[in-house]
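Engineer: just coords:
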């Protein structure tokens, strides 16, 4: 599994999850190595990854496990290959669109975690299996920002470079663009890492009546502990939720109740919250747009979600078509009326206030 780092450091650790597995999963061996991400080949000798000092671990059904720290020097916007040899049935979970290529050996091929060449990795996938987080040790960093939302966070559209043009594995999500801005524009003493915790199809509110059954239990509140609070060094959350709640049948009160509860839990953990108003979709009905207006009025009031968040990210204004404000600007539209293309992703990142986000680490 190839992981893209927003910031570098002198060591790292990885989180392995068996969240959706029905049986225990055994990690027989694990390594980490630098890579250019263009194949399963790695740069230099893969380094062993251990778990509580041991080279193997058993992850129970529904469980997760952090590795020990492995000494490996990395840089901002570099890639690392986390290689796992596992016994049991892998359930890939819900991150089935990594928008990059990851590499697999055939089942039964044996342990190839120490390979430097790509020869044994004869299969590819655009899903991410098991590896759900990578921590980088860098004492100079002030903390981490976690982007939290649905497909508009996960990166749908970020491979779209125009009609008939696709760029896979180029890291053009707005969160990637933001990470590059932080590295280029903020002094080392003010920099933060950026983590992406987007999951396609999810909603902020629980219980939206028209939500697909397989997505129930993955709303913002239900997965907050696992996908945000359990991460290390989080100082701020970039909250981009609500776009799916409307077509899934939730009303304004349901959405706002989920906002208030999630923001309260984040603040209780000492994490600041930055929120975008719900962005436009041409497919929204008049009723949907009335709900969107009510939610966005709450978010925009006093520029702090009526006193419940710490700042506003004006993504709705960035993406809207100036001639049809309930639709996306055609130059940013992938063609589905929902997701931003590469140009739109960059425009979102460019509009964010770095001083505002850096202040999340101020105490």
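Structural biologist: Sure, I can see it. Everything quoted here is computed from the prediction, not taken from an experiment.
Engineer: so which strand or helix has residue 28?
Structural biologist: Using DSSP states H and E, residue 28 sits in strand 25-35.
Engineer: right, and the helix or strand after that strand?
Structural biologist: Once strand 25-35 ends, the next helix or strand along the chain (criterion: DSSP H and E) is strand 43-48.
Engineer: I'd like the next helix or strand past that following strand.
Structural biologist: Remark: after strand 43-48, the chain's next helix or strand is strand 57-59, criterion DSSP H and E.
Engineer: show me the strands paired with that next one, marking each as parallel or antiparallel.
Structural biologist: strand 25-35 (antiparallel) (DSSP bridges).
Engineer: packing partners for the helix or strand of the chain with the lowest mean pLDDT?
Structural biologist: When each helix and strand of the chain is scored by mean pLDDT, DSSP states H and E, strand 123-125 comes last, with a mean of 94. Under the contact criterion of 3 or more Cβ pairs under 8 Å, 6 or more residues apart in numbering; DSSP states H and E, strand 123-125 touches strand 102-104. Any C-beta I mention is one placed from the backbone N, CA and C, and that applies to glycine too.
Engineer: tell me the average confidence for the strand it packs on?
Structural biologist: The average pLDDT within strand 102-104 is 96.
Engineer: who does it pair up with?
Structural biologist: strand 123-125 (antiparallel).
Engineer: so how far is the strand it pairs with from its chain's centroid?
Structural biologist: Remark: strand 123-125 is offset 21 Å from the chain centroid, using Cα atoms, centre = their mean, to the nearest Å.
Engineer: and if you look at stretch 302-315?
Structural biologist: In terms of Cα atoms, centre = their mean, the centre of stretch 302-315 is found 21 Å from the chain centre.
Engineer: and the end-to-end length of it?
Structural biologist: End-to-end distance for stretch 302-315, by Cα to Cα, to the nearest Å: 17 Å.
Engineer: who touches that stretch?
Structural biologist: The contact list for stretch 302-315 (Cβ atoms under 8 Å, 6 or more residues apart in numbering) reads 236, 238-240, 259-260, 263-264, 272-277, 279, 298-300, 348, 351-353, 356, 360.
Engineer: next structured bit after the least confident helix or strand of the chain?
Structural biologist: Strand 123-125 is succeeded, C-terminally, by strand 131-137 (DSSP H and E).
Engineer: quick check: angle from that following strand to strand 25-35?
Structural biologist: Orientation check (axes from the mean of the first three to the mean of the last three Cα atoms, to 10 degrees): strand 131-137 against strand 25-35 gives 50 degrees.
Engineer: direction included, what does strand 131-137 pair up with?
Structural biologist: Strand 131-137 has these strand partners (DSSP bridges): strand 11-17 (antiparallel).
Engineer: tell me the mean pLDDT over the partner strand?
Structural biologist: What strand 11-17 shows for mean pLDDT is 97.
Engineer: could you list the buried residues of that strand?
Structural biologist: Neighbour counts over strand 11-17 (16 or more other Cβ atoms under 10 Å) mark 12, 13, 14, 15, 16, 17 as buried.
Engineer: which one of those is nearest to residue 180?
Structural biologist: The nearest member of these to residue 180, counting by Cβ to Cβ, is residue 12 at 19.6 Å.
Engineer: check contacts around the residue nearest to the spatial centre of the chain.
Structural biologist: Residue closest to the average C-alpha location in the chain (Cα atoms, centre = their mean): residue 196, at 2.0 Å. Residues in contact with residue 196, defined by Cβ under 8 Å, 6+ apart, are 146, 147, 153, 154, 155, 173, 175.
Engineer: relative to strand 131-137, how tilted is the helix or strand encompassing it?
Structural biologist: For residue 196, the host element (DSSP H and E) is strand 193-198. Interaxial angle of strand 193-198 relative to strand 131-137 (the same axes, to 10 degrees): 170 degrees.
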